[in-house]
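>>> structure of the sequence below:
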Amino acid sequence: PCCFTISTAEVGIVESWGKFSRLVQPGLGCVLCPMEQLVGRISFRVQQLDVRVETKTLDNVFLTAVVSVQYQVLRENVFQAFYALTNPAQQITAHVYDVLRAQLPTLELDAVFEAKEDLALAVKNALSETFTSYGY
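Predicted coordinates:
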């Protein structure tokens, strides 16, 4: 048997002959080599992604907006979080771009600062709607 450790706030993913077998909780774990393999670890810690979006406002002013997105894996959806998305940060970035590039060009520069809360809510709703099914 091959032994390994899983840290607190993480879970390990074990495959048997290339097929998902089980989740391994924090602590000491063992697999039967070569039949089983620890293929990855998923962290339950909150992660932050800073997305920089450049766009033009309604009054033709170019602006760079930085959006900080905090996300974490849902404990009940570890399987989807590990197997459904190859690069969650890249896909979150793409969704933030879509939302802000749809919203910001409809506002004048002064209105952008006033609509900060509305923009944040639009980003949050778009991400929640899409990424909940992926385990985030």
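>>> OK, contacts around the most centrally placed residue in the chain?
The residue lying closest to the centre of the chain (Cα atoms, centre = their mean) is residue 88, at 4.4 Å. Counting by Cβ atoms under 8 Å, 6 or more residues apart in numbering, residue 88 touches 71, 81, 131, 134, 136. Yep, even glycine has a C-beta here, placed from its N, CA and C like the rest.
>>> reformat those as JSON lines; add secondary structure.
Formatted as JSON lines, the contacts of residue 88 follow (DSSP: H, G, I helix; E, B strand; the rest coil):
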{"residue": "71", "secondary structure": "strand"}
{"residue": "81", "secondary structure": "helix"}
{"residue": "131", "secondary structure": "helix"}
{"residue": "134", "secondary structure": "helix"}
{"residue": "136", "secondary structure": "coil"}
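>>> next SSE after the helix or strand encompassing residue 101?
Following DSSP states H and E, one finds residue 101 within helix 88-103. Using DSSP H and E, the helix or strand that follows helix 88-103 in sequence is helix 109-114.
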